[in-house]
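# using only what follows, build the 3D model:
(2 chains)
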Amino acid sequence: MNSQHIFRDFDKAIDALRADVLLMASLTRQNLERAMCSLLERNIDLARAVIADDSDVDDLERKIDQSGMEILARFHPMASDLRLVVTSMKMAHNLERISDHAVNIAKRSKKICKSSVLEEVGLAEPLYSMADSILRDSLMAYTDANAELGQSLKARDKELDRLQKQMVSALSRRLEDSNGRSENLLHLIFIAGSIERIGDLAVNMGEDAFFLGEARDIRHESRKNLTLDPTEESADD
Amino acid sequence: MDTAIEIKNLTFAYSGKQVLHDVTLDIPVRQVTAFIGPSGCGKSTLLRCFNRINDRIPNAKVTGGSIYVHGIDINRRDIDLQELRRRIGMVFQKYNPFPKSIYENVAFSLRLSGLTKRTQLDEIVENALQSAALWDEVKDRLHSSAFGLSGGQQQRLCIARAIANQPEILLMDEPCAALDPLATLKIEELIYELKKQYTIVIVTHNMAQATRCSDRTAFMYLGKLIEYGPTMQIFETPKEPQTEAYVTGTFG
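Predicted structure coming up:
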């Protein structure tokens, strides 16, 4: 995949596609970080910036789809090149959805910030740290076509799910005795849901990175059946 | 999956220079098998071994291994070459109709084999032209010169000519290399239809064509068979780095 193509224009098109995915990834992570900062630091301006900048992410998704289609039509990529183009288009789709979740978080953060201080927002911080680290590694798995890293994310997402359930359970208990804070606590529950979904989307990207590196589709396979080398699997049988 | 052609450890040389090295593969019945690879890799040489058309080239010979067609060793000395070439038809890169009428092009080899009854000839010619998807275009001018047809039609006429002999296997050596994209698509559509009845082996430089119309693909390089498998596996997830480099068009 890192070799040069005889047709140099193909290299340029592939490099540009990959650069757009990385730019989109960086904007998406920035949007998510700012949405969480607005929540944790009660900064409404940051929340507004996230909502406004989401259109840049949408534009990049369209651009990546268009470039991908052009590459498929013009260069007829095969093997690892074909996987790279298809994976890049799928990454763009997942990143756009992550950015949408960042916008959801920002919108709810705006509402929370307009009310009195809600101490429980701190519960979302460890959740965000874990989701962001899964997201970061899914992007690294794509950049390096690192199948092993891509495959490892599912287990970490399980821990994220557990933390989210724990947080929702804690918030639900406080809802019963909320003293007029119930609306904001509900916003926080939905924010936890968004973060949990971001983890799922990052796992999807990790699975796509696995496909990119190993040419094997591991979506919807149970964790215990996964090995990097399919021959190892049959040897065990 | 029944095997039409079984190639075992085949080696072949032109004037002592070995051009095929220890090639082993099975070609399945009623499927399309594509040979791909850079120029000079031996794919056409291998194809031409199947009907022993290489015998016509001085000092070209199989130097080892074997080829069995439906269980018969075709390199046996007592093999009837005329019968072998009837059973294994061939279509070449440059369409080569005879300087005769459309009808006579298809009927020619039938007459050579002793068939003279007009009604039988008419029936076989019509069936062959139908199978080659040419009948509707030429039925009103069967006795006009074949050279009046377009390139794509002339190539389909050559396919009809091969089919008229009721072969079991059709060999196609870059059959669309001299055709425009539309004529190419018509031949590809025809190949798809013909595989219901015939085993087809096609040599092509056009990888998109191999993906469109073949079931299995063999990648050859420097006279060796590098990888052979289902077409989509070869083009989506090749196992050998050389295949990957070739299908992606990379170097370095």
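
# going forward, measure contacts between C-alpha atoms and count neighbours the same way
Noted.

# list the residues that contact the residue in the stretch 1-150 of chain B that chain A sits nearest to.
Chain A sits closest to residue B:38 of the stretch 1-150 of chain B, with a gap of 13.5 Å, by CA to the nearest CA. Applying CA atoms under 8 Å, 6 or more residues apart in numbering or on different chains to residue B:38 gives the contacts B:205, B:220-221.

# low-confidence bits of chain A, can you list those?
By pLDDT under 70, the low-scoring segments of chain A are A:1-2, A:222-237.

# quick check, central residue of it?
The residue lying closest to the centre of chain A (CA atoms, centre = their mean) is residue A:202, at 3.8 Å.

# for chain B, same thing?
Note: chain B centre (CA atoms, centre = their mean) maps to residue B:171, 1.5 Å.

# hmm, residue B:86 is touching residue B:167, no?
Yes. Contact criterion CA atoms under 8 Å: residue B:86 and residue B:167 qualify, at 5.8 Å.

# only alpha carbons, please: show stretch A:147-157 as CSV.
Output in CSV follows, covering the C-alpha atoms of stretch A:147-157 (Å, rounded to 0.1, in the frame of the first residue of the first chain):
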residue,chain,number,x,y,z
ALA,A,147,-5.1,-4.5,12.3
GLU,A,148,-4.1,-5.6,15.8
LEU,A,149,-4.8,-2.2,17.3
GLY,A,150,-8.1,-2.0,15.3
GLN,A,151,-9.2,-5.3,16.6
SER,A,152,-8.3,-4.5,20.2
LEU,A,153,-10.8,-1.6,20.6
LYS,A,154,-13.9,-3.8,21.1
ALA,A,155,-12.8,-5.0,24.5
ARG,A,156,-12.1,-1.4,25.6
ASP,A,157,-15.5,-0.3,24.4
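
# got the buried residues for that stretch?
For stretch A:147-157, a neighbour-count test (16 or more other CA atoms under 10 Å in any protein chain shown) marks A:147-154, A:156-157 as buried.

# likewise stretch B:15-23?
Residues of stretch B:15-23 classed as buried by neighbour count (16+ other CA under 10 Å): B:19-21, B:23.

# what residues does it touch?
Stretch B:15-23 is contacted by residues B:7-13, B:41-42, B:45-46, B:58-60, B:65, B:222-225 when judged by CA under 8 Å, 6+ apart.

# just give me how far it sits from the chain centre.
On the basis of CA atoms, centre = their mean, to the nearest Å, stretch B:15-23 is displaced by 21 Å from the centre of the chain it belongs to.

# and the average pLDDT for that stretch is what?
Mean pLDDT, computed over stretch B:15-23, is 95.

# excluding residues flanking it in the chain, which one is nearest residue A:7?
The shortest distance from residue A:7 to any non-neighbouring residue, by CA to CA, 6 or more residues apart in numbering or on different chains, is to residue B:249 (7.5 Å).

# now do the contacts for the one you found.
A:5-7.

# list only buried entries from those.
Neighbour-count burial (16+ other CA under 10 Å) applied to the contacts of residue B:249 gives residue A:5.

# give me the beta-bridge partners of residue B:62?
Counting by DSSP bridges, residue B:62 forms beta bridges with residue B:12.

# in this structure it contacts residue B:11, no?
Yes. Using CA under 8 Å, residue B:62 makes contact with residue B:11 at a distance of 5.9 Å.

# quick check: next helix or strand after the lengthiest helix in chain A?
Identified as the longest helix of chain A according to DSSP state H is helix A:79-114. The helix or strand immediately downstream of helix A:79-114 is helix A:124-143, counting by DSSP states H and E.

# contact partners of that next one?
For helix A:124-143, using CA under 8 Å, 6+ apart, the contacting residues are A:22, A:25, A:29, A:36, A:40, A:146-147, A:149-150, A:153, A:156-157, A:160, A:163-164, A:167, A:188, A:191-192, A:195-196, A:198-199, A:202-203, A:205-206, A:208-210, A:212.

# look up how far residue B:204 lies from the closest residue to residue B:121 other than its chain neighbours.
Using CA to CA, 6+ apart and skipping the chain neighbours, the partner closest in space to residue B:121 is residue B:107 (6.5 Å). Using CA to CA, to the nearest Å, residue B:107 is found at 28 Å from residue B:204.

# next: residue B:182.
Between residue B:182 and residue B:204 the computed distance is 17 Å (CA to CA).

# same thing with residue B:232?
In this view, residue B:232 and residue B:204 are 16 Å apart by CA to CA.

# these two: which is more packed in?
Of the pair residue B:232 and residue B:204, residue B:204 is the one with more neighbours under other CA atoms under 10 Å in any protein chain shown, namely 23 against 18.

# now do the helix or strand hosting residue A:148: distance to the chain's middle.
According to DSSP H and E, residue A:148 maps onto helix A:147-176. Offset of helix A:147-176 from its chain centre (CA atoms, centre = their mean): 15 Å.

# quick one: buried residues of the next helix or strand along the chain from it?
Sequence-wise, the next helix or strand downstream of helix A:147-176 (DSSP H and E) is helix A:182-214. Buried residues in helix A:182-214, defined by neighbour count with 16+ other CA under 10 Å: A:182, A:184-214.

# over to stretch A:108-121?
A:108-110, A:112-113, A:118, A:120-121.

# do the same with stretch B:5-12
For stretch B:5-12, a neighbour-count test (16+ other CA under 10 Å) marks B:5-8, B:10-12 as buried.

# in a markdown table: those, plus secondary structure and pLDDT.
Listed next are the buried residues of stretch B:5-12 as a markdown table, based on DSSP: H, G, I helix; E, B strand; the rest coil; pLDDT from 0 to 100:
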| residue | secondary structure | pLDDT |
| --- | --- | --- |
| B:5 | strand | 97 |
| B:6 | strand | 98 |
| B:7 | strand | 98 |
| B:8 | strand | 97 |
| B:10 | strand | 97 |
| B:11 | strand | 97 |
| B:12 | strand | 97 |
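
# need those residues in a markdown table (columns: distance to residue B:140).
Below are the buried residues of stretch B:5-12 laid out as a markdown table (distance: CA to CA, whole Å):
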| residue | distance to residue B:140 |
| --- | --- |
| B:5 | 39 |
| B:6 | 43 |
| B:7 | 44 |
| B:8 | 48 |
| B:10 | 47 |
| B:11 | 48 |
| B:12 | 47 |
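
# out of the residues you listed, which comes closest to residue B:91?
Nearest to residue B:91, judged by CA to CA, of those is residue B:5 at 17.7 Å.

# partner residues bridging the closest residue in space to the closest one that isn't next to it in sequence?
Counting by CA to CA, 6+ apart, the nearest residue to residue B:5 once its immediate chain neighbours are dropped is residue B:69, at 4.6 Å. Residues in a beta bridge with residue B:69, per DSSP bridges, are residue B:5, residue B:72.

# repeat for residue B:20
On the basis of DSSP bridges, residue B:20 is bridged to residue B:12.

# quick check: residues of chain A near chain B?
Those residues of chain A that sit near chain B, judged by CA under 8 Å from any CA of the partner chain, are A:3-7, A:76-83, A:215.

# from the residues you listed, which would you call buried?
Buried among these (16+ other CA under 10 Å): A:5, A:77-83, A:215.

# in CSV: those residues, plus distance to residue B:144.
As requested, those are arranged in CSV below (distance: CA to CA, whole Å):
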residue, distance to residue B:144
A:5, 49
A:77, 44
A:78, 45
A:79, 47
A:80, 51
A:81, 49
A:82, 48
A:83, 51
A:215, 54
